[in-house]
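Peer 1: I'll drop the sequence and a predicted model, then ask my questions.
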Amino acid sequence: VAVHYFELLGTIVFAITGVLAVTRRGLDVFGAVVLGIVTALGGGTVRDLLLNIPVFWIDDRGILWAAILGSLAAFWIAQAFRNANRLLVYLDALGAALFAVLGANKVLLLGVAAPIAVMMGVLTGIGGGLIRDVLAGRPTLLMSRDVYATPILAGCIVFVSLRSQDMAFVVAGLIAGAMIFSVRALAIYFHLEMPAWLTHRGTSNDMDDS
Amino acid sequence: VAVHYFELLGTIVFAITGVLAVTRRGLDVFGAVVLGIVTALGGGTVRDLLLNIPVFWIDDRGILWAAILGSLAAFWIAQAFRNANRLLVYLDALGAALFAVLGANKVLLLGVAAPIAVMMGVLTGIGGGLIRDVLAGRPTLLMSRDVYATPILAGCIVFVSLRSQDMAFVVAGLIAGAMIFSVRALAIYFHLEMPAWLTHRGTSNDMDDS
Amino acid sequence: VAVHYFELLGTIVFAITGVLAVTRRGLDVFGAVVLGIVTALGGGTVRDLLLNIPVFWIDDRGILWAAILGSLAAFWIAQAFRNANRLLVYLDALGAALFAVLGANKVLLLGVAAPIAVMMGVLTGIGGGLIRDVLAGRPTLLMSRDVYATPILAGCIVFVSLRSQDMAFVVAGLIAGAMIFSVRALAIYFHLEMPAWLTHRGTSNDMDDS
């Protein structure tokens, strides 16, 4: 039950950040709401399709309305948020932490293997943003050096490990979620990038590969 | 049965407009046919995946061949259509009206809730074009101020409302379809854009968001 | 059983080429591994979703680890491969030949119609690269004049035809696979492009279509 409220919270947060991320470009209310819904529901939707289970928002109208209303709200308050970009990225880190833990947990309850659960947690946390960026024609986070996905991956590994040793969901989820949020928040605050040895620098001839 | 012919008609129309939209750029016949098929079948495919029902063209070969042959035809006549851009957008409006109504109707017959049916109708109407634009590297319609998706959304709401009051499919479909087509046609004719209060103008700093 | 080893081989090859294709641009190890996994598993995943069968790597951990380890290896050896671009495209042709034949074969065993099997073979061969290019913000192969997908299509038609006349899998697969690989290799070696009558040249006004 508590899980459901966290899911609603994450959905609203992601819908808002999804819309605010794209309203810098000119787009109308329909496009904004579609992109907000996609950000909020996209990752979990792909997860459910891959696992061949019913898509989570089809029979749970609350989630869909949370995404729609969150997106509409964000569209109209976007002007006010223009100068609150900082707040926005922290909210996004919160949404990613919530979704990653909830996603991994849902999959573990299906009895799948641990590596699949980790992968699905990461997908739930970052998938919506990826699809939004593709539809909006923005470079996806995969192509950036931001410390974004790596703490989510680490948090999902920690969460699945703790759960496999029968730690209670609330405790394991709080530990992993706090870890994801705090590492991401530190990375934002100190403008951290991935270390060079974990990164390939782009070269000028990156267009002539086949 | 009549539904099936309308579905074939919509498929051919969308395959043609899908190919013609991208042949401005250099691409070969294989790429053109793939993009035509994606335009014609993409929206309904995503709808069926989300609802966990069999994808409609897997067991209905007629639809798949209509998409392939429509795309091939469009590829070879594209030269002649270069100066018929106007006709093309009206055809596209016709295809969107057909698909949106048929998509919403199919989903209503499954017994899902009204908001989901509206959403699936819109998805059937615009999904194929979205995937085509992503694969072709074009900006998607979500990022434009064209009055494109909003009449489709309005038409689907009208259609689902009328059907929920037991109006016959043919009557409700004609009303909603004509509404979608006529609003879109008027928008094309008068070069309408979404009103400013429903739009965020792009700003120059749209690249530095996270 | 031999099929499984070929599948593992194709997975590793595609994971490596997938990572090497994008490391020209700056990206971190997480992004590289995600794009490698997507390249290796993406086509078969979409195929399985469309056919409503369990996604092949969910219950077969070997495949997933092959994709992860191949991607990690490619990330660290990428520097050494900078000057082996030639080798890379031949490896990619090998992976596409393997995947197309294996994909078409898997679908034929389900008893679907021949045209669907051909289509799914092509999808298995090129789908992963398409999704990778979309996520990486690169132009997809659909928009190029490279002789890439056409030999895969031809090979799948040959394979499905031979199999429909009860030729053994190994023989039909070797013929079709060798055909795909050799035509693609010749195209690379002689810098072949699709003939002009099968191609539309891009025009300067390709942005003003609707």
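Peer 2: Great, that's in hand. Numbers count the residues shown, from 1 in each chain, chains lettered A, B, ... in the order given.

Peer 1: in the host helix or strand of A:L88, what's buried?
Peer 2: Assessed by DSSP states H and E, A:L88 sits inside helix A:85-109. Judged by neighbour count (16 or more other C-beta atoms under 10 Å in any protein chain shown), helix A:85-109 contains these buried residues: A:88-108. Backbone N, C-alpha and C define where each C-beta goes, glycine included.

Peer 1: of those, list those near chain B.
Peer 2: Filtering the buried residues of helix A:85-109 for proximity to chain B by C-beta under 8 Å from any C-beta of the partner chain leaves A:L88, A:V89, A:D92.

Peer 1: what is the nearest of those residues to A:F190?
Peer 2: Proximity of those to A:F190 (C-beta to C-beta) peaks at A:V89, which lies at 12.9 Å.

Peer 1: ok, the closest one touching A:I188?
Peer 2: Yes. Taking C-beta atoms under 8 Å as the definition, A:V89 is a contact partner of A:I188 at 5.2 Å.

Peer 1: show me where chain A has strands.
Peer 2: A:27-28, A:199-200 (DSSP state E).

Peer 1: got those as JSON lines, with mean pLDDT columns?
Peer 2: Output for the strands of chain A, formatted as JSON lines (pLDDT from 0 to 100):
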{"stretch": "strand A:27-28", "mean pLDDT": "80"}
{"stretch": "strand A:199-200", "mean pLDDT": "66"}
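
Peer 1: most tightly surrounded among those strands?
Peer 2: Among the strands of chain A, strand A:27-28 has the highest mean neighbour count (mean count of other C-beta atoms under 10 Å in any protein chain shown), at a mean of 26.

Peer 1: touching chain C at all, it?
Peer 2: No. Strand A:27-28 lies out of reach of chain C by C-beta under 8 Å from any C-beta, never closer than 15.4 Å.

Peer 1: work out which residue lies at the spatial centre of chain A.
Peer 2: Closest to where the C-alpha atoms of chain A average out (C-alpha atoms, centre = their mean) is A:G125, at 3.2 Å.

Peer 1: need the contact list for the nearest residue to it once chain neighbours are set aside.
Peer 2: Spatial nearest neighbour of A:G125, chain neighbours left out: A:A100 (3.5 Å); criterion: C-beta to C-beta, 6 or more residues apart in numbering or on different chains. Residues in contact with A:A100, defined by C-beta atoms under 8 Å, 6 or more residues apart in numbering or on different chains, are A:G121, A:V122, A:T124, A:G125, A:I152, A:G155, A:C156, A:F159, A:A176, A:G177, A:I180.

Peer 1: quick one: the second one from C:F30, how far?
Peer 2: The one in question is A:V122. Computed as C-beta to C-beta, to the nearest Å, the A:V122 to C:F30 distance reads 9 Å.

Peer 1: repeat for A:A117
Peer 2: Distance from A:A117 to C:F30, by C-beta to C-beta: 18 Å.

Peer 1: okay, these two: which has more neighbours?
Peer 2: Between A:A117 and C:F30, counted using other C-beta atoms under 10 Å in any protein chain shown, A:A117 has the larger neighbour count: 25 against 22.

Peer 1: test my guess that A:F30 contacts B:T150.
Peer 2: Yes. Contact criterion C-beta under 8 Å: A:F30 and B:T150 qualify, at 5.2 Å.

Peer 1: export the ones next to chain B among the buried residues of helix A:85-109 to TSV and append columns for pLDDT and distance to chain C.
Peer 2: Output for those, formatted as TSV (pLDDT from 0 to 100; distance: C-beta to the nearest C-beta, whole Å):
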residue	pLDDT	distance to chain C
A:L88	79	22
A:V89	82	18
A:D92	87	17
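
Peer 1: closest one to B:S71 among the strands of chain A?
Peer 2: Judging the strands of chain A by C-beta to C-beta, what sits closest to B:S71 is strand A:27-28, at 29.4 Å.

Peer 1: quickly run through the sheet partners of that closest one, with directions.
Peer 2: With DSSP bridges as the test, strand A:27-28 is paired with strand B:199-200 (antiparallel).

Peer 1: among the contacts of A:A100, which lie within helices?
Peer 2: Counted as lying in helices by DSSP state H, out of the contacts of A:A100, are A:G121, A:V122, A:T124, A:G125, A:I152, A:G155, A:C156, A:F159, A:A176, A:G177, A:I180.

Peer 1: what is the most widely separated pair among these?
Peer 2: A:V122 and A:G177 (13.7 Å).

Peer 1: neighbour count: those two, which is higher?
Peer 2: A direct count of neighbours by other C-beta under 10 Å for A:V122 and A:G177 places A:V122 higher, at 27 against 22.

Peer 1: is it true that the more buried one touches A:P151?
Peer 2: No. In this structure, A:V122 is not within contact of A:P151 by C-beta under 8 Å, at 10.4 Å.

Peer 1: quick one: pLDDT of A:G121?
Peer 2: Note on A:G121: pLDDT of 96.

Peer 1: no wait, A:Q165
Peer 2: 92.

Peer 1: swap in A:A187?
Peer 2: On the pLDDT scale, A:A187 gets 87.

Peer 1: for the one 5 residues further on, same thing?
Peer 2: In this model, A:L192 is scored at 77, pLDDT.

Peer 1: any idea how far it lies from chain B?
Peer 2: Between A:L192 and chain B the computed distance is 13 Å (C-beta to the nearest C-beta, to the nearest Å).

Peer 1: give the buried residues for stretch A:160-177.
Peer 2: Within stretch A:160-177, the residues scored as buried using 16+ other C-beta under 10 Å are A:V160, A:L162, A:R163, A:F169, A:A172, A:G173, A:I175, A:A176, A:G177.

Peer 1: contact partners for the second one?
Peer 2: Shown in contact with A:L162 (C-beta under 8 Å, 6+ apart): A:V171, A:A172, A:I175, A:A176.

Peer 1: let's see it at 7 Å
Peer 2: Counting by C-beta atoms under 7 Å, 6 or more residues apart in numbering or on different chains, A:L162 touches A:A172, A:I175.

Peer 1: now swap in the fourth one and tell me
Peer 2: Applying C-beta under 7 Å, 6+ apart, we find A:F169 in contact with A:N105.

Peer 1: what does the fifth one give?
Peer 2: When contacts are counted by C-beta under 7 Å, 6+ apart, A:A172 is found next to A:F159, A:L162, A:R163.

Peer 1: got it, and the last one?
Peer 2: Neighbour list for A:G177: A:A97, A:L98, A:V101, A:G155 [criterion: C-beta under 7 Å, 6+ apart].

Peer 1: same thing but at 6 Å, please
Peer 2: By C-beta atoms under 6 Å, 6 or more residues apart in numbering or on different chains, the residues touching A:G177 are A:A97, A:V101.

Peer 1: could you do the third one as well?
Peer 2: Residues touching A:R163, when contacts are defined by C-beta under 6 Å, 6+ apart, comprise A:L108, A:A172.
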